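Trainee: when you get a sec, could you give me coordinates for this:
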Amino acid sequence: MDAINTKTTSYLLKRFVPYFKKYRGVLLLDLFCATLTTLCDLVLPMMVRLITGRAASGGAGLTLQLVGGVAAVYLTLRIIDMIANYYMANVGHVMGARIETDMRRDLFNHLQDLSYSFYNNTKIGQLMSRITTDLFDVTEFSHHCPEEYFIAMIKLVVSFAILCTVNVPLTLIIFILIPLMVGFSTRYNHRMRTAFKESRNKLGEINAHVEDSLLGIRVVKSFANEDMERDKFAADNLGFLDIKKRQYRYMAAFQGTTRIFDGIMYVVVVSVGALFILQGRITAADYIAYLLYVVMLLAAVRRIVEFTEQFQRGMTGIERFVEVMDEPVEITDQPGALEMGAVKGEIRFEQVSFRYNDGNEDILTDVNLHIRQGDNVALVGPSGAGKTTLCNLIPRFYDVTHGAILIDGIDIREVTARSLRGNIGMVQQDVYLFSGSIRDNIEYGKPGATDAEIAAAAQLAGACEFIDALPDGYHTFVGERGVKLSGGQKQRISIARVFLKNPPILILDEATSSLDNESERLVQDSLETLTRGRTTLTIAHRLSTIRNAQTILVLSENGIEESGDHPTLLAKGGLYARLYNLSTDGGTDMLVEA
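Mentor: From the prediction side, this is the model:
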């Protein structure tokens, strides 16, 4: 996704233009106002030509009435210009800001729909850069792009028509030079675009590194690696500077090319125009008007040239926006997908195989499994056996490669993902708390829950005692990722969140593995309360915590190698017995990683 290869401008504009649809009335009025402001520029040389021509003919036709009339007309045009320009600067810019807002909304919504696979391979800092800084330039681009090119088109067409009435040969010379200037200038466009793209990518990398370093600041300090982090940041920062240097070098060459053509066009107009005056082919009044039109024309061209940098910035932002929007949504609802009603909790795996999109081997192969309603099933086995993967298939975080998973006899692909996940609760080892209060984090399990419901959930999770002891109780701010709370406290809040959700199916992914003994005991008590009456799958880290499970599934690279309760599996003397005997050697409890 971060490749430097740029998409074509036509493709990007095709993707961007539909955002104008909601605001086409504003856009059309903005372009009408642009026409009015351009009118003032176009009329002035004709007024000067009229007055100069009358003066050159002896002054007989140059009266105070004529001068006053011209001044009145031009003043009226300037008042119209002021009103039109106010609309363009105010409402036009707001239109650009609204388009930026719409794009940011669509980008965030699309990010919410993307699957685990996308986030496994993407840096969050890069995404933050795309959803914030990359779209900042879209406001100016949305407003100025149609406006600037529309004004330039009017000035070119009208100027050409008017100048042809003055002197056709001179006009043709001038308008032959303009395409040459554009041709020489555009050779730098692609280089500028590439440099802008590299700049945005590097800025995303800096954001990703800063986020990684600051979120891991406790690890950094514990290893006294502040200097290493500074060196890494300095390398990124200097790399960004090198890209900016190249970017400005291309931009300087681009501007230099246009300036030399500016000079050539002025020389042509002044010298050839003077020669035509000597030959009597144009009058002095025509010559002055011609110069004013050329000055205006070159100003329009120069404005487009200066806008090119903003254009390339805007196109780069649009390109990085489109790159994310083009990422396919892997998990989608089928047409006519059903809403899951009251779920009992029976789960079946039928010939289920799974491999990751970028993988060459199956993680799970032909898994057949039947979990009855209300069963408590534990999953154990060595690292990489597929325990977490198996559980992640149930809420459709990934789709099976082959086979089917059924809940209450219904293929989970035939129901909406939202209603499916609404019936599944997950308690994970790595607890994520959002920045906010304890109440906010518990309420996340059931948005709009009352204070009484939240307190009841906290009571069931064994969290109310420590919450009540806090100065601000449920309104205590938990800090970034819950940094102000202990591991056990965070875990109990996450359990309260699931209690509030009250799902019929529960997945416990090493929920106590990172806790100390005292916290583990408290959380384990809460989990035992939570699992009552629910179909539960527990990924076991410590084998001692799942001895009371009704069914223990032992996964290995060969699939489900053993199945049974604790005494049965011990009696078999197989893989589970070996793992358990190792875990109890010396009175310690083995940590079987997921």
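
Trainee: quick one: contacts for residue 74?
Mentor: 40, 43-44, 47 (C-beta atoms under 8 Å, 6 or more residues apart in numbering). The way it works is simple: take the backbone N, C-alpha and C, and place the C-beta from them, glycine included.

Trainee: right, and the helix or strand after the helix or strand hosting it?
Mentor: Secondary-structure element containing residue 74, defined by DSSP states H and E: helix 64-87. For helix 64-87, the following helix or strand on the C-terminal side (DSSP H and E) is helix 93-113.

Trainee: quick one on the thing from earlier: just the buried residues from the contacts of residue 74, in PyMOL please.
Mentor: Those of the contacts of residue 74 that count as buried under 16 or more other C-beta atoms under 10 Å are selected in PyMOL with:
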select buried, resi 40+44+47
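
Trainee: nearest to residue 577 among the contacts of residue 74?
Mentor: Nearest to residue 577, judged by C-beta to C-beta, of the contacts of residue 74 is residue 40 at 91.8 Å.

Trainee: do you know the pLDDT at that closest one?
Mentor: You'll see residue 40 listed with a pLDDT of 81.

Trainee: just the CA trace of the helix holding residue 74, in CSV.
Mentor: Provided in CSV are the C-alpha atoms of helix 64-87 (Å, rounded to 0.1, in the frame of the first residue of the first chain):
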residue,chain,number,x,y,z
LEU,A,64,-15.0,64.4,-18.6
GLN,A,65,-18.3,62.6,-19.2
LEU,A,66,-16.5,59.8,-20.9
VAL,A,67,-13.9,59.5,-18.2
GLY,A,68,-16.5,59.7,-15.5
GLY,A,69,-18.6,57.0,-17.2
VAL,A,70,-15.6,54.7,-17.5
ALA,A,71,-14.7,55.3,-13.9
ALA,A,72,-18.3,54.6,-12.8
VAL,A,73,-18.5,51.4,-14.8
TYR,A,74,-15.1,50.2,-13.4
LEU,A,75,-16.0,51.1,-9.9
THR,A,76,-19.3,49.2,-10.2
LEU,A,77,-17.4,46.2,-11.5
ARG,A,78,-15.0,46.4,-8.6
ILE,A,79,-17.9,46.3,-6.1
ILE,A,80,-19.3,43.2,-7.9
ASP,A,81,-15.7,41.8,-7.8
MET,A,82,-15.5,42.4,-4.0
ILE,A,83,-18.9,40.6,-3.4
ALA,A,84,-17.9,37.7,-5.7
ASN,A,85,-14.5,37.4,-4.1
TYR,A,86,-16.0,37.3,-0.6
TYR,A,87,-18.2,34.4,-1.6
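
Trainee: now it: buried residues?
Mentor: 70, 77, 81, 84-85, 87.

Trainee: could you list the low-pLDDT ranges of the stretch 351-500 of the chain?
Mentor: Applying pLDDT under 70 to the stretch 351-500 of the chain picks out residues 481.

Trainee: would CSV of the contacts of residue 74 with distance to residue 540 be doable?
Mentor: Output for the contacts of residue 74, formatted as CSV (distance: C-beta to C-beta, whole Å):
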residue, distance to residue 540
40, 79
43, 84
44, 84
47, 89
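
Trainee: mind putting the contacts of residue 74 into CSV with secondary structure?
Mentor: CSV is the format used below for those (DSSP: H, G, I helix; E, B strand; the rest coil):
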residue, secondary structure
40, helix
43, helix
44, helix
47, helix
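
Trainee: so which of the contacts of residue 74 comes closest to residue 546?
Mentor: Taking the contacts of residue 74 together and measuring to residue 546 by C-beta to C-beta, the closest member is residue 40, at 81.6 Å.

Trainee: got a list of what the closest one touches?
Mentor: 74, 77-78, 80-81 are the contacts of residue 40 under C-beta under 8 Å, 6+ apart.

Trainee: returning to that earlier point: how far away from the center of its chain is the helix holding residue 74?
Mentor: Put simply, helix 64-87 sits 47 Å off its chain's centre (C-alpha atoms, centre = their mean, to the nearest Å).

Trainee: against residue 490, how distant is residue 221?
Mentor: Plainly put, residue 221 is 21 Å away from residue 490 if you go by C-beta to C-beta, to the nearest Å.

Trainee: neighbour-wise, which of these two wins?
Mentor: residue 490 (25 against 11; other C-beta atoms under 10 Å).

Trainee: rewinding a little: for residue 479, state which of the buried residues of helix 64-87 is nearest.
Mentor: For these, the nearest to residue 479 is residue 87 (46.8 Å; C-beta to C-beta).
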